[in-house]
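# compute the structure for the input listed below.
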Amino acid sequence: MPLNLMDIPTANGGWFKPKDAADAVAILLEVKQFDRQRPTPNGPKDSVLADVTVFKTPESLAAKAPEVAKGQRIEQTVLARDLETVVGGAVLVTVTQVPPSKPGAHPAWVWKQVTDMGIRNQVIKYAEERDAAIQSAVADAPSFD
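Purely as a prediction, here's the structure:
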């Protein structure tokens, strides 16, 4: 029987900070879990647990050298709710701020879908090569049966 290696969703990747990824060329979000109104020290919040791969520059995208955070928490309300339907899947986005709709309100962070086919193809190729390397490593692992 082949080994079906899976990751346990854990929040060891810290918290997603949109400001740190605002200038990124592409962000690959692999959503593992969505929790509605998860208890936090600041009151209940919608929360997403995801593996976050950030390509900060065109050079890091070309070199296939992103910053990867496995099990990162996303708790900004709009960002988390937009990912509710993506659990078990992935999206390719960037993050940007939109001006507030009411005077005195703070600008909101929102996901923006990556539509540039060149960037999309590079990220998809990166993900395919990463997954192939994982499958190869699992296949090369010794069988103890």
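# show me what the lengthiest helix in the chain is packed against.
Using DSSP state H to define each element, the chain has its longest helix at helix 117-140. Contact partners of helix 117-140 among helices and strands, from 3 or more CB pairs under 8 Å, 6 or more residues apart in numbering; DSSP states H and E: strand 26-38, helix 58-62, strand 90-98. From N, CA and C alone the C-beta is placed, and that goes for glycine too.
# so what's residue 81 up against?
residue 46 (CB atoms under 8 Å, 6 or more residues apart in numbering).
# on the three-state scheme, it is what?
helix (DSSP: H, G, I helix; E, B strand; the rest coil).
# pLDDT value on it, please?
At residue 81, the model reports a pLDDT of 91.
# same question, residue 1
48.
# and the gap between the residue nearest in space to the middle of the chain and residue 141?
Nearest residue to the geometric centre of the chain (CA atoms, centre = their mean): residue 29, 2.3 Å. For residue 29, the distance to residue 141 (CB to CB, to the nearest Å) stands at 28 Å.
# can you list contacts of the least confident helix or strand in the chain by mean pLDDT?
Within the chain, no helix or strand scores below helix 117-140, which has a mean of 88 by mean pLDDT, DSSP states H and E. Here helix 117-140 makes contact (CB under 8 Å, 6+ apart) with 3, 5, 25-26, 28, 53, 55, 61-62, 64, 66, 90, 92, 114.
# I appreciate the help and will end here.
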